[in-house]
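> generate a structure from the sequence data that follows.
(one chain, ligands or ions: 2)
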Amino acid sequence: MIESSTAVLRFWGVRGSIPTPGPSTLRYGGNTTCVELRIGSEIVVIDAGSGIRALGGSLVREFGAKPISLSVLITHTHWDHIQGFPFFIPAFGKNNRIRVIGPQSEPDGLKGVFEKQMDGSRCFPVTLGMMSAQISFDHLDKDQGIQFEIGDVKVTSCPTNHPGGCLAYRFETPAGGIAFLSDHETGGDDELRILEFIKDAKILIADAQYDASEMVARKGWGHGCTDDVVSLAMKAGAEQLYLFHHDPTHDDAFIDGMLEHAKGLVCQFGSLLQVQAAAEGCEISI
Ligand SMILES: [Zn+2]
Ligand SMILES: [Zn+2]
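Ligands and ions are numbered 1, 2, ... in the order given. Next up, the predicted model:
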């Protein structure tokens, strides 16, 4: 069992859709989805967007010549969630063990998508097979949530409302639940199931890509609206909400505005919910 509250969460990529480097995204960051979660001795990486490249460098500096063992939980195989994997240096270390876990992806399977991304010619010069680490792939049912364990960490999956399917994940820590809900379009007919999944989460990281005016023209794109996400978090009794999967067209100032709007909604309803916008480099001890 995990003895103490030693969970640490680090944001390595908080952007959706495509990396957006440059001076206008310096504060929140431009890398696509990648979150590191340390619970006890377990290293869990959520998604392999472009943010995983810097995480890889950090792990190599931390472990030196010692073997690295970790799990990479994939929410779904849209580009912005797997494009960093070819640049994940620990995957090239022959003493390292990487367990990739994610939803079954038809028709190629999860491993097949990773192989296609690294085909050695048209898409990328290096193949998956040239990565020297022991890499295994485990499939999860993409249509229904299940409970499983990574070491001592209890994890629950939950299908989200997203084109092609996607899984949200919830982790139980001694200090409370951490729910990762990206990519998810709010307002679908699965809202009750999602509410139950994120109920009383200590930390909820949720797709809040659009503001209410943008959402009008983007229904069916599979992403959340800030207003709906705040309302969902309040209904679920979450303690802290991190707005996540920032739109590539939103610069730092725009995200500041979305955050202020979200905080205003919380005030209006007299809720105790704490809201932040996820920022690359941010570390949370739980
Ligand atoms: Zn995405
Ligand atoms: Zn997606």
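> helix or strand right after the longest helix seen in the chain?
The single longest helix within the chain, with elements called by DSSP state H, is helix 252-268. Per DSSP states H and E, the first helix or strand lying C-terminal to helix 252-268 is strand 274-277.
> who does that following strand pair up with?
The pairing partners recorded for strand 274-277 under DSSP bridges are strand 240-244 (parallel).
> next, the buried residues of the longest helix of the chain.
Neighbour-count burial for helix 252-268, counted by 16 or more other CB atoms under 10 Å, picks out 252, 254-255, 258-259, 262, 265-266. All C-beta atoms are positioned from the backbone trio N, CA, C, and that covers glycine.
> next one: stretch 94-108
96, 98-103, 105.
> give me the neighbour count for the residue of the stretch 101-250 of the chain found nearest ligand 2.
Nearest to ligand 2 in the stretch 101-250 of the chain, going by CB to the ion, is D183, at a distance of 4.0 Å. Using other CB atoms under 10 Å, D183 has 28 other residues around it.
> okay, the angle between the longest helix of the chain and strand 240-244?
Helix 252-268 and strand 240-244 are oriented at 150 degrees to each other (axes from the mean of the first three to the mean of the last three CA atoms, to 10 degrees).
> now stretch 132-150: mean pLDDT?
If you average the pLDDT over stretch 132-150, you get 96.
> how far does that stretch stretch from start to finish?
End-to-end span of stretch 132-150 (CA to CA, to the nearest Å): 23 Å.
> how near is D189 to ligand 1?
Per CB to the ion, to the nearest Å, D189 is found 21 Å from ligand 1.
> how many residues are close by K66?
When neighbours are counted by other CB under 10 Å, K66 registers 9.
> re earlier: can I get the buried residues of helix 252-268 in TSV including distance to ligand 2?
Listed next are the buried residues of helix 252-268 as TSV, based on distance: CB to the ion, whole Å:
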residue	distance to ligand 2
D252	23
F254	21
I255	19
M258	19
L259	22
A262	22
L265	25
V266	27
